[in-house]
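In: starting from these lines, generate the structure:
(one chain, ligands or ions: 1)
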Amino acid sequence: MRIAVFRDAQQADRIGAEILERIVREKAHPKLGLATGSSPIGIYKELVERIRISPCSYKHVSTYNLDEYVGLSADHPQSYAAYMREHLFQYLDMLPNHIHIPNGAAHSIEAESHRYETLLREAGRLDVQLLGIGLNGHIGFNEPGNHLSSETHIVALTEGTRSANAKNFPSDEQTPRHAITMGVGPIMKADSVLFIAHGEAKSTIIQEAFTGPVTTSCPASLLQLHPNVIVLLDEDAAAGLLNGGRPSFRMIGNRRIAFLFDPKIQEIIGENIS
Ligand SMILES: O=P(O)(O)OC[C@H]1O[C@](O)(CO)[C@@H](O)[C@@H]1O
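Out: As a prediction, the model looks like this:
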């Protein structure tokens, strides 16, 4: 796991966009696992800006989103499908049948879960999975518990997750109670994970996830077991890790974790991302 700490979120987002774009430009048929929520918005914005300056076709790209709210159709303004159109897809020349997001309004949500899992299996290993983290350590909508599913499943959102998401809905009542989410399997099998978090509110869970025990009570802690994770944080999100100190390389257990400011990060990531 390589953790890069940036002075501000925009610098982190720029690097995130660069990493994604490099995969898109270099791979013949890139498979991108995409995320929603507030965390990746800046990366998408930077990506769109990069494309504006230096056009890049996405016709050869396939995308697989992590999750969708149960009950919301793709044209619902708060659906993750709408979010993806708003923040990214409207700017790309992607082929519509290359875009994959669970259908939250499917007649049978169980059948939809099965369909999405089959699709992910057929797709095989993702080149990269973009990930944010919930305040309770969830990745995708894999909420903490005694068990984590490796497969796509329906999840009852915790009250904490619902109240964090309520800001995007007109009322608490209209905030969805369930979601359909990719399991942890495809995330852990992805060639690389690009993890992003901003803001002080995430600092405690980041510290727990990356320096605490690997446990289903903090789903993001599983990423400690993934061989190729790049974590992009702003200083506020990294506060728990930096502990008031200066960024440096450190050993945590037997893992060498790099705390870096921006000047060298592109080279370092460039060597390691496939
Ligand atoms: O980025 P946010 O809005 O803090 O949300 C945290 C995470 O929860 C989710 O909304 C659930 O998948 C992710 O999209 C996001 O990374």
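In: count the neighbours of the residue in the stretch 101-250 of the chain that the ligand sits nearest to for me.
Out: Scanning the stretch 101-250 of the chain for proximity to the ligand using Cβ to the nearest ligand atom identifies residue 132 as nearest, at 2.1 Å. Bear in mind the C-beta positions are built from the backbone N, C-alpha and C, glycine included. Using other Cβ atoms under 10 Å, the number of residues around residue 132 comes to 22.
In: ok, the nearest residue to residue 62 once chain neighbours are set aside - contacts?
Out: Nearest residue to residue 62, sequence neighbours excluded (Cβ to Cβ, 6 or more residues apart in numbering): residue 98, at 4.4 Å. Taking Cβ atoms under 8 Å, 6 or more residues apart in numbering as the contact definition, residue 98 lies against 59, 61, 62, 63.
In: follow-up on the earlier one: contact partners for the closest residue to the residue of the stretch 101-250 of the chain closest to the ligand other than its chain neighbours?
Out: Once its chain neighbours are removed from consideration, residue 132 has its nearest residue in residue 39; the separation is 3.2 Å (Cβ to Cβ, 6+ apart). With Cβ under 8 Å, 6+ apart as the criterion, the residues that contact residue 39 are 132, 133, 196, 197, 198.
In: residue 57 now?
Out: For residue 57, counting by Cβ under 8 Å, 6+ apart, the contacting residues are residue 93.
In: before we move on, what SS does residue 4 have?
Out: In terms of secondary structure, residue 4 is strand; the call rests on DSSP: H, G, I helix; E, B strand; the rest coil.
In: so where do the helices sit in the stretch 151-274 of the chain?
Out: Along the stretch 151-274 of the chain, the stretches classed as helices by DSSP state H, counting those that start in this stretch are 159-165, 184-189, 203-211, 239-242, 265-272.
In: what lies in contact with the lengthiest helix in the chain?
Out: Identified as the longest helix of the chain according to DSSP state H is helix 9-26. Outside helix 9-26, the residues that touch it by Cβ under 8 Å, 6+ apart are 4, 6, 30, 32, 40, 42-47, 49-51, 56, 58, 61, 127-128, 130, 194, 196, 198-199, 230, 232-234, 262, 265-266, 269-270, 273.
In: ok, back up a step: can you select the buried ones from the contacts of residue 98 in PyMOL?
Out: One line in PyMOL is enough to select the buried ones among these; burial here means 16 or more other Cβ atoms under 10 Å:
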select buried, resi 61+62+63
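In: got the end-to-end distance for stretch 189-199?
Out: One end of stretch 189-199 to the other measures 28 Å (Cα to Cα, to the nearest Å).
In: quick check: mean pLDDT across it?
Out: If you average the pLDDT over stretch 189-199, you get 97.
In: list the buried residues for it?
Out: Neighbour counts over stretch 189-199 (16+ other Cβ under 10 Å) mark 190, 191, 192, 193, 194, 195, 196, 197, 198 as buried.
In: kindly report the same for stretch 102-111.
Out: Quick answer for stretch 102-111 (16+ other Cβ under 10 Å): 102, 103, 104, 105, 106, 109.
In: ok, and what's touching that stretch?
Out: Residues beyond stretch 102-111 that count as contacts (Cβ under 8 Å, 6+ apart) turn out to be 65, 67-74, 76, 79-80, 112-113, 115-116, 152, 154, 176, 178-181.
In: restrict that stretch to CA atoms and write it as PDB.
Out: C-alpha atoms of stretch 102-111 as PDB (Å, rounded to 0.1, in the frame of the first residue of the first chain):
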ATOM      1  CA  PRO A 102     -26.600  -2.100 -11.100                       C
ATOM      2  CA  ASN A 103     -30.300  -1.300 -11.900                       C
ATOM      3  CA  GLY A 104     -31.800  -0.200  -8.600                       C
ATOM      4  CA  ALA A 105     -35.300  -0.200 -10.100                       C
ATOM      5  CA  ALA A 106     -35.200  -3.800 -11.400                       C
ATOM      6  CA  HIS A 107     -38.400  -5.700 -10.900                       C
ATOM      7  CA  SER A 108     -36.500  -8.400  -9.000                       C
ATOM      8  CA  ILE A 109     -33.600  -6.900  -7.100                       C
ATOM      9  CA  GLU A 110     -32.300 -10.400  -6.300                       C
ATOM     10  CA  ALA A 111     -32.300 -11.300 -10.000                       C
END
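In: the contacts of residue 39 in strands, which ones?
Out: Under the assignment DSSP state E, the contacts of residue 39 contribute 196, 197 to strands.
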